[in-house]
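> Sequence first, predicted model second:
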Amino acid sequence: MGLLATALEFRDEPDAADLSPASGAPDAPMNLLLRFETNSGPRTVVACGVSRQVAAEIAEVMERCGQYARFVDRCVPLSVADRIMIAKLH
C-alpha cells in the first residue's frame with residue numbers, strides 16, 4: 001500500500017477504553033484517510049471533520065472494494081513525522 005499506508009497506523013475501531021464520550025458519539029468529528037490506486041499511481045485523500053458514523057460507512061465501503069480507508073479521532077492531532085516515529089518504535 002506504500003509508505004503512507006504502512007507508516008501511519010490508523011485504527012477504525014478504537015478500544016472502548018480509548019474513547020472519550022465525545023469521540024464515541026456518531027457525530028464526533030473524525031479525520032478520514034482514504035488511499036486508493038489510480039491509473040497514474042496511488043492517491044491519498046484526508047478528509048477532516050467527518051462524523052464518525054459517515055467515516056465508518058465510507059471506510060467499510062472502501063475496504064469492501066479492496067481500497068484502504070481508516071479514520072481517527074480528530075481530537076488527537078499528530079504530525080506525519082510523529083506517526084512515522086511511532087510506527088518505527090513498534
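Right, received. Where do you want to start?

> Please pull up the helix or strand immediately following the helix-or-strand element of the chain with minimal mean pLDDT.
The helix or strand of the chain with the poorest confidence is helix 3-7; it has a mean of 40 (mean pLDDT, DSSP states H and E). Remark: after helix 3-7, the chain's next helix or strand is strand 29-38, criterion DSSP states H and E.

> Dump the C-alpha coordinates for that following strand into CSV.
Taking C-alpha atoms only, strand 29-38 is exported to CSV below (Å, rounded to 0.1, in the frame of the first residue of the first chain):
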residue,chain,number,x,y,z
PRO,A,29,-15.5,14.7,14.3
MET,A,30,-13.0,12.3,12.8
ASN,A,31,-10.2,12.5,10.3
LEU,A,32,-10.8,10.1,7.4
LEU,A,33,-7.8,8.8,5.5
LEU,A,34,-8.5,7.3,2.0
ARG,A,35,-5.8,5.6,0.0
PHE,A,36,-6.6,4.2,-3.5
GLU,A,37,-5.0,3.2,-6.7
THR,A,38,-5.5,5.1,-9.9
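
> which regions of this protein lie under the pLDDT threshold?
1-22, 75-77 (pLDDT under 70).

> go again using 50 as the cut-off
1-17, 19, 21 (pLDDT under 50).

> Mind listing what's buried along the longest helix seen in it?
Ranked by residue count, the top helix of the chain under DSSP state H comes out as helix 52-64. By neighbour count on 16 or more other CB atoms under 10 Å, the buried set for helix 52-64 is 52, 55, 56, 58, 59, 62. Backbone N, C-alpha and C define where each C-beta goes, glycine included.

> Figure out the helix or strand that the nearest residue in space to the second one that is not next to it in sequence lives in.
With CB to CB, 6 or more residues apart in numbering as the measure, residue 71 is the residue that lies nearest to residue 55, at 3.9 Å, once sequence neighbours are left out. When elements are defined using DSSP H and E, residue 71 is found to belong to strand 68-73.

> What residues sit buried inside the next helix or strand after that strand?
Following strand 68-73 in sequence order, the next helix or strand is helix 80-89 (DSSP H and E). For helix 80-89, the neighbour count (16+ other CB under 10 Å) marks 83, 84 as buried.
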